[in-house]
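**Q** sequence first, predicted model second:
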Amino acid sequence: MSDDQVPRFAHWRDDARDWCTGRAWPWRAAVALLLAWQAGRAFRDAEAFHVFRGITFGAHEFGHLFFALSGSEWLTVAGGSLTQFLVPIGAMAVMRYYRDWFGVAACGMWLASSFADLAPYIADARAMELDLVSFTEDGAGHDWNYLLGKAGLLFQDQAIARLDRFVGFLVLVASIARAAWLLRQMHRSSGMSPDSA
């Protein structure tokens, strides 16, 4: 790690600690528990509803439409899955820009659920048994059958799905750990200054 990177991460840690000073932690703890539970549902049951599912689905479908402007069939197909990751990452960047460190952790839980939501779709690449939603009259093609087929990885669909879930689980654990750290900092500093948000 370079000398430039260490101070940057230390600065972010110190900035997050300063941001926590005087902020109310109880309601944020309730929100963190709710979001962690909802994101966890995506990992426990692929069919279960969770608060992130609708907006993730919307981002996925918008991604197909947006990347269709590129004129590339591959990018149009990949754009759905790509966008369902880019939207929560973009939301994290916005939260970071406005120094809402708790918002960054919350968006991380959304990103984790997005990984979990995608895993069954990847795992279905060969079987193509899932009911798919499409904007076309003749029904939807299977994104991951097409993408893995083009890459010569169709018979690796289960392994890739497991990797996707594992990465999502790591993101979830990191996001929960970050939220817990922030809540601890807020609790420690409670009473030092009035809550500003």
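**A** That came through fine.
**Q** what sits against residue 181?
**A** Residues in contact with residue 181 (Cβ atoms under 8 Å, 6 or more residues apart in numbering): none are found. To be clear about C-beta, it is placed using only N, CA and C from the backbone, and glycine gets the same treatment.
**Q** secondary structure element for it?
**A** helix 157-189 (DSSP states H and E).
**Q** buried residues in that helix?
**A** 157, 160-161, 164-165, 168-169, 171-172, 175-176, 178-179, 181-183, 185-186, 189 (16 or more other Cβ atoms under 10 Å).
**Q** so how far is it off the chain centroid?
**A** Distance, stretch centre to chain centre, for helix 157-189: 10 Å (Cα atoms, centre = their mean, to the nearest Å).
**Q** in three-state terms, label residue 88 for me.
**A** Following DSSP: H, G, I helix; E, B strand; the rest coil, we place residue 88 in the helix state.
**Q** can I assume it is in contact with residue 118?
**A** No. Applying Cβ atoms under 8 Å, one finds residue 88 not in contact with residue 118, separated by 12.0 Å.
**Q** list residues touching both of the two?
**A** With Cβ under 8 Å, 6+ apart, residue 88 and residue 118 have no common neighbours.
**Q** residues in contact with stretch 86-100?
**A** Residues beyond stretch 86-100 that count as contacts (Cβ under 8 Å, 6+ apart) turn out to be 15, 19, 55-56, 59, 63, 101, 103-104, 106-108, 110-111, 114, 197.
**Q** so how far is it off the chain centroid?
**A** With Cα atoms, centre = their mean as the basis, stretch 86-100 stands 11 Å off its chain's centre.
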